[in-house]
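J.: No letters, just coordinates:
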């Protein structure tokens, strides 16, 4: 009997925003797996750190920083092979994923490689969008409103068109695209409706109007535009 | 000292998809509050039932079924007044919300009425979108892909235009709009890319291709279109 591959969402960063199911799976895991970026710390592992058994085997996939896809593909190929070996030996493998595994999560790369050969269960997690809205005190969508989720790296013209035609907007992965995105939002006259959130739910969290956002933003930052939300029933 | 108003997301339905923070708050609550629809059972309360202390006071807001807004507004006005009285008496009040409080959640109506007078904390929850994608085995968005969230009650023409210009799409609140939505998706030639999910994470869950969906859908049903997702890094 092969083991089960679990893709477990850990939420936005605060350890108590993990679900009960995810916590139980991690505490019982003999094998956990997670990616790191270019030898850095794993954010996902840090969220779950207090739950991982000391004796657990940790499969670390170190993904190199590169514009080319091949080196990252090789890292996921190698990680998937190690995970497959553990599954074939009968161990379940719990893959740690910040946020939700299927919402911009790297777990998708393992799912694509392994889900046709092994039983796979995804445990959904709290997304950064829900966490940012909660911390900013900004209802996202009510009734028949639409929500558009846009990645910050999109080209300026496309961002402008998409935001102009949207109601509520969440812009992910702001990072080094902050100045470009701010420019687009200001050009649309929406600066007053925009809030900037960095590392939601963590001690280093920043929440402020976009007009007062810092000059440089980390990858884990977001801009919320809730121009359409009218929560007063 | 007034109490704190907590808007607590409970996730999609399975009791173990509640976060650790939400579980702790509910277990410790002397006062919980939640809406019911036209005298029916509260879905939110059913998710959290095992966590609510037997001695807890329960503030129930019964929202009448009506096209007019005024009767529902009156129900929330009355509920907000009872919650305010508890907060003023120094009790914290934990409002139970299925899914995430700020994502189509009725908690927004209490937040709009009370957050200017009382300290308010929102605990984000797992959204139905994340749960449906997990259960359907459908990655939602990767890399620079966009996600569009549309409510099923939107007019047919608007749904068609929005879906045609989108990448991944989640259509919420399908219910009695199922035939209309299916018609739109079929007309766009996207039927093969669409999956139907009903009551994700609950024992009565249904997951199937949209082409095989039942004739009638409950309110808590969703259609996912992940035509753009390419999770193979």
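T.: Structure's in. What do you need? Bear in mind that the values here come from a model prediction, so they are computed numbers and not experimental data. Residues are numbered from 1 along each chain as shown, chains lettered A, B, ... in the order given.
J.: Tell me who's in contact with the residue nearest the centre of chain A.
T.: With distances taken as C-alpha atoms, centre = their mean, residue A:99 lies nearest the centre of chain A, 4.2 Å away. Going by C-beta atoms under 8 Å, 6 or more residues apart in numbering or on different chains, residue A:99 touches A:9-12, A:105, A:125-128. Yep, even glycine has a C-beta here, placed from its N, CA and C like the rest.
J.: Also residue A:202?
T.: With contact taken as C-beta under 8 Å, 6+ apart, residue A:202 is in contact with A:12-14.
J.: Next: residue A:33.
T.: The contact partners of residue A:33, by C-beta under 8 Å, 6+ apart, come to A:58-61, A:79, A:82-83, A:93-96, A:110.
J.: cool, and residue A:184?
T.: When contacts are counted by C-beta under 8 Å, 6+ apart, residue A:184 touches A:156, A:159-160, A:163.
J.: which of the contacts of residue A:99 lies closest to residue A:138?
T.: The closest of the contacts of residue A:99 to residue A:138 turns out to be residue A:128 (C-beta to C-beta; 13.5 Å).
J.: show me what contacts that closest one?
T.: With contacts defined as C-beta under 8 Å, 6+ apart, residue A:128 is in contact with A:12, A:99, A:172, A:200, A:220, A:222.
J.: just residue A:104 next, same as before
T.: By C-beta under 8 Å, 6+ apart, the contact list for residue A:104 reads A:151, A:172-173, B:141-143.
J.: go with 6 Å
T.: Neighbouring residues of residue A:104 by C-beta atoms under 6 Å, 6 or more residues apart in numbering or on different chains: residue B:141.
J.: Same question for residue A:58.
T.: By C-beta under 6 Å, 6+ apart, residue A:58 lies in contact with residue A:32.
J.: try 8 Å this time
T.: Shown in contact with residue A:58 (C-beta under 8 Å, 6+ apart): A:31-34, A:45, A:52.
J.: Kindly indicate the member of the residues you listed with the most neighbours.
T.: In terms of neighbour count, residue A:33 stands highest of those at 27 neighbours, by other C-beta atoms under 10 Å in any protein chain shown.
J.: per-residue pLDDT, the nearest residue to that one once chain neighbours are set aside?
T.: Spatial nearest neighbour of residue A:33, chain neighbours left out: residue A:59 (3.9 Å); criterion: C-beta to C-beta, 6 or more residues apart in numbering or on different chains. At residue A:59, the model reports a pLDDT of 98.
J.: Using the record's domain definitions, break chain A down for me.
T.: As assigned by automatic domain parsing, chain A contains the domains A:5-123, A:128-225.
J.: quick one, which of those domains is nearest to residue B:22?
T.: Per C-beta to C-beta, nearest to residue B:22 of the domains of chain A: domain A:5-123, 8.7 Å.
J.: list the buried ones in the longest helix along chain A?
T.: Longest helix in chain A by number of residues (criterion: DSSP state H): helix A:70-88. By 16 or more other C-beta atoms under 10 Å in any protein chain shown, the buried positions in helix A:70-88 come out as A:72, A:75-76, A:79-80, A:82-84, A:86-87.
J.: Those residues into a markdown table, with extra columns for distance to residue A:116 and pLDDT?
T.: Output for these, formatted as a markdown table (distance: C-beta to C-beta, whole Å; pLDDT from 0 to 100):
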| residue | distance to residue A:116 | pLDDT |
| --- | --- | --- |
| A:72 | 21 | 91 |
| A:75 | 20 | 95 |
| A:76 | 15 | 95 |
| A:79 | 17 | 97 |
| A:80 | 12 | 98 |
| A:82 | 18 | 98 |
| A:83 | 14 | 98 |
| A:84 | 11 | 98 |
| A:86 | 17 | 98 |
| A:87 | 13 | 98 |
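J.: Show me which of those is closest to residue A:120.
T.: residue A:87 (9.6 Å).
J.: Number of residues surrounding the closest residue to that closest one other than its chain neighbours?
T.: Counting by C-beta to C-beta, 6+ apart, residue A:3 is the residue found nearest to residue A:87 once chain neighbours are left out, at 4.4 Å. Per other C-beta under 10 Å, the neighbour tally for residue A:3 reads 20.
J.: Look up how far residue B:107 lies from residue A:3.
T.: Noted for residue A:3: a distance of 39 Å to residue B:107, by C-beta to C-beta, to the nearest Å.
J.: In three-state terms, how would the residue nearest to residue A:87 be classified?
T.: coil (DSSP: H, G, I helix; E, B strand; the rest coil).
J.: where along chain A do the strands fall?
T.: For chain A, the strands defined by DSSP state E occupy A:5-9, A:31-37, A:57-63, A:93-97, A:120-123, A:147-151, A:168-172, A:194-198, A:206-209, A:221-225.
J.: could you redo those strands as TSV and give each row distance to residue B:121?
T.: Listed next are the strands of chain A as TSV, based on distance: least, C-beta to C-beta, whole Å:
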stretch	distance to residue B:121
strand A:5-9	22
strand A:31-37	30
strand A:57-63	34
strand A:93-97	25
strand A:120-123	25
strand A:147-151	22
strand A:168-172	20
strand A:194-198	15
strand A:206-209	13
strand A:221-225	18
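J.: So for residue B:19, which of these sits nearest?
T.: Per C-beta to C-beta, nearest to residue B:19 of those: strand A:5-9, 10.7 Å.
J.: how far away is residue A:211 from residue A:186?
T.: Relative to residue A:186, residue A:211 is positioned 8 Å away (criterion: C-beta to C-beta).
J.: And residue A:58, by the same measure?
T.: Distance from residue A:58 to residue A:186, by C-beta to C-beta: 45 Å.
J.: next one: residue A:92
T.: To residue A:186, residue A:92 is 50 Å away according to C-beta to C-beta.
J.: cool, residue A:14 as well?
T.: With C-beta to C-beta as the criterion, residue A:14 and residue A:186 are 32 Å apart.
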